[in-house]
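In: Take this sequence and fold it.
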Amino acid sequence: MARKVYSAVKLPKETLDILKNANIELNIFDKLETPSEEEIIENSKDVDAIITGVNVTITSKIIEASKNLKIIANIGAGVNNIDAQSAKENNVLLTNTPGKNSVASTAETAIGLMLSLSREILKNQKMVRENSFDGWQVMGFLGGHQVSYKNLFIIGFGNIGKEIARMAKGLHMNISYYDIKERSQFKKAEEEIGAEYIDFEEGLKKADYIILQMNYTEDNHHFIGKDELDKMKESAYLINTARGGIVDEKALYNALKDEKIAGAAIDTHEEEPRINEDLLKLDNVVLTPHIGNDTYEARIEMANSAANDVIKVFDGKEPKNLVKS
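Out: Numbers count the residues shown, from 1 in each chain. Next up is the predicted model:
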């Protein structure tokens, strides 16, 4: 019996080899673009599995058109881009790809953005490129602020949040965190890392650096808005490596423009792929195009994981990274 898979995303060679060796009949959208809903429906209507990525929205219309569909394997840490309710109603399994390289790469991005922002790396690179560096001065303060021994507040203490904390410990930072989940789940991590649970508002007021690493839901849309930004210290920095909708970018722009906070680094944007043009005008912002886990190591691991979960389902086994509704 044919085992048919449609991939709505381009896949690395290693993943293609895994699928080929499993005798998978693969139809792939082999471009670095995002296919339309109509194109996905046309190519997936008779498949047993869809491999997709967070840049592709899998709607109820797509799911309902794929009558043989057993699994949607998402290359990404979540499944926000998939109509999970429709998948459940049509008995379609959902998987994601929370691999160690994905976790590490995203944590590296958060730490890198924090350092780049605080140490004003981009501003100083511009000075060098313009050849306007006049020489070292004791009171020049071209290097911004160090992060070592400062207070870091991590909002969202899942796998990535914990890894950020581990890395930040190497910078001698004082780590606190907030998560909506029951604190008892994090006791082991608290002891291992030396992180301290703290009330959300207290964390906002105390932090020198705030890193957002929470899941995005309709309930936490604009979780960080004017009121939350007003509670932060004027010397504090905000880093978002979670999802764009968590931050009210209009409120963030006003806070940065009026120097209510010192700076922000944003990897995930409210209206991706469009970047907020007002934020682009500011020099106390570092903006990156959603590169969180965009490394060779992470993406190959993630794509391979998605392919292996598809094969497990075809073999009558439970997938490793099943997302339970």
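In: SS state for the residue positioned nearest the centre of the chain?
Out: Here the mean C-alpha position of the chain is nearest to the C-alpha of Ala242 (Cα atoms, centre = their mean), at a distance of 4.4 Å. Under DSSP: H, G, I helix; E, B strand; the rest coil, the three-state class of Ala242 is coil.
In: Once you drop chain neighbours, what's closest to it?
Out: With sequence-adjacent residues excluded and distances taken as Cβ to Cβ, 6 or more residues apart in numbering, Ala242 is closest to Leu212, at 4.4 Å. (Each C-beta comes from the backbone N, C-alpha and C, glycine too.)
In: thinking the one you found is in contact with Tyr237, fair?
Out: No. At 11.7 Å, Leu212 does not count as touching Tyr237 under the criterion of Cβ atoms under 8 Å.
In: Just to be sure, Asn27 is in a strand?
Out: Yes. According to three-state DSSP, Asn27 belongs to a strand.
In: Report the contact partners of Ile300.
Out: Counting by Cβ atoms under 8 Å, 6 or more residues apart in numbering, Ile300 touches 12, 14-15.
In: Return the subset of these lying in helices.
Out: Of these, the ones assigned to helices by DSSP state H are 14-15.
In: Mind giving me the ChimeraX command for buried ones among the contacts of Ile300?
Out: The ChimeraX selection below is limited to those of the contacts of Ile300 classed as buried (16 or more other Cβ atoms under 10 Å):
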select :12,15
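In: Where do the helices of the stretch 201-325 of the chain begin and end?
Out: Ranges of helices within the stretch 201-325 of the chain are 226-231, 249-257, 277-280, 296-314, based on DSSP state H, counting those that start in this stretch.
In: which of the ones you listed is buried the deepest?
Out: Compared across the helices of the stretch 201-325 of the chain, helix 296-314 shows the largest average neighbour count, a mean of 22 (mean count of other Cβ atoms under 10 Å).
In: State the mean pLDDT of it.
Out: The predicted model assigns helix 296-314 a mean pLDDT of 98.
In: And for stretch 180-191?
Out: 94.
In: Please export the C-alpha coordinates of it as CSV.
Out: Taking C-alpha atoms only, stretch 180-191 is exported to CSV below (Å, rounded to 0.1, in the frame of the first residue of the first chain):
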residue,chain,number,x,y,z
ILE,A,180,1.4,30.3,34.3
LYS,A,181,1.9,26.6,35.0
GLU,A,182,1.9,25.2,38.5
ARG,A,183,5.2,26.1,40.2
SER,A,184,5.7,22.5,41.5
GLN,A,185,6.6,21.5,37.9
PHE,A,186,9.7,23.7,38.0
LYS,A,187,11.1,22.8,41.4
LYS,A,188,13.8,20.5,40.0
ALA,A,189,14.8,23.2,37.5
GLU,A,190,14.9,25.8,40.3
GLU,A,191,17.3,23.7,42.2
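In: Enumerate the positions of that stretch that are buried.
Out: 186, 189-190.
In: per-domain residue ranges of the chain.
Out: Using automatic domain parsing, the domain ranges for the chain come out as 4-96+296-314, 101-287.
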